[in-house]
Structures are given as C-alpha cells and as structure tokens.
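Undergrad: quick one, what's the 3D model for this:
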Amino acid sequence: MRSIIKTGIGTALAAGVGALASRDADSRWYRRLSKPPFQPPAVAFPIVWTLLYTDIAISSAVTIDTLRDEMRHIDAAAFERALAVNVVLNGAWTWVFFRAHRTGTAAITAAVLTLSSADLIRRAAPASPPAAAALVPYAGWCAFATALSTEIWRRNR
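TA: Numbers count the residues shown, from 1 in each chain. Okay, the predicted model is just below:
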C-alpha cells in the first residue's frame, strides 16, 4: 500500500480539523439545542470517527494503488481529487456546525458529504470491490449525519 501515507495524512488532517472545532460540542449553545431522540451518546462520535477515518485511509490507498497498478493513472488521480474534496467537506462540517452555528448550512454540507462519500464508493468499485464495500459504512454514517443535522436544524430554527 504505497499510498497509505498520503491517505493517512489526509484523513488525519480532516480528523484534526474536526477535533479542533468539535471542542465546542460542550458549549452552552450546543447543550441548549433541541436534539432528536436518535442522537447517539457523545462518546460514540470519537469512536465511530476513528474507525471511519482508518477505513477511509486504507480503502482509499488500496483503490489508488490498484488503479495505478492497472495503469489507470487518470482514474487514480481523479480518485485522489475526489478524496481531497471529501476530506475537506468532512472537516468543514464541524466548523460550520459547532463554530459558525449554521445548522441549516451544516445539514446541506452533510448531504453534500454523503454524495461525495457515495462517489468514492462508485470510483473504488471497479478497481477494488472490497475497498468499495469497506467505504459503505462511511457513506451510511454520513447519511445518518445528514438526517441528524437536518432534524437539529428543523427543531431549532
């Protein structure tokens, strides 16, 4: 896995950027929000995201390396660009929600992130069906985050 350093750094940066903004998860503003009953406990988020970031880094590295091994350099570069957009969106959501307090914009950002995650699966599938399958929980979690963000926005308009 020649690309693991690059994908690992990218996902670690997204995790770090998100962690900086999510320090406000214990803010007065956040505590006062009306949250839906399907909101997971706070302890779930760092556990789930650690697993997902690891999954993204490994699955993406496998995909990129496979595409390169197959001499599909254009597809490998396109996957890398799609991954870069994805991790930027991923890190941005936390800032939009926790720092800017823009719950509606956060819901839209989560929806775009979900589409971006599904696009990663689509791009990975021809190169490595197992890597594509491994990305499905990430897209599922992003879809859940979209529903959660949308419901928080709806409850707190």
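Undergrad: from here on, just use CA atoms for contacts and neighbour counts.
TA: Will do.
Undergrad: do a quick rundown of the strands in the chain.
TA: Counting by DSSP state E, one finds no strands in the chain.
Undergrad: which residues touch the most centrally placed residue in the chain?
TA: Central residue check for the chain by CA atoms, centre = their mean: the C-alpha nearest the mean position is that of residue 90, 4.3 Å away. Contact analysis of residue 90 by CA atoms under 8 Å, 6 or more residues apart in numbering lists 14, 18, 110, 113.
Undergrad: the protein: helices as residue ranges?
TA: With DSSP state H as the criterion, the chain has helices at 4-22, 28-32, 44-69, 73-94, 103-124, 129-155.
Undergrad: how about the contacts of residue 90 in JSON lines, adding distance to residue 32, pLDDT and neighbour count?
TA: Listed next are those as JSON lines, based on distance: CA to CA, whole Å; pLDDT from 0 to 100; neighbours: other CA atoms under 10 Å:
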{"residue": "14", "distance to residue 32": "27", "pLDDT": "92", "neighbour count": "21"}
{"residue": "18", "distance to residue 32": "21", "pLDDT": "88", "neighbour count": "19"}
{"residue": "110", "distance to residue 32": "21", "pLDDT": "98", "neighbour count": "26"}
{"residue": "113", "distance to residue 32": "26", "pLDDT": "98", "neighbour count": "26"}
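Undergrad: need the residues that contact stretch 30-50.
TA: 15, 24, 25, 98, 148, 151, 152, 155, 156.
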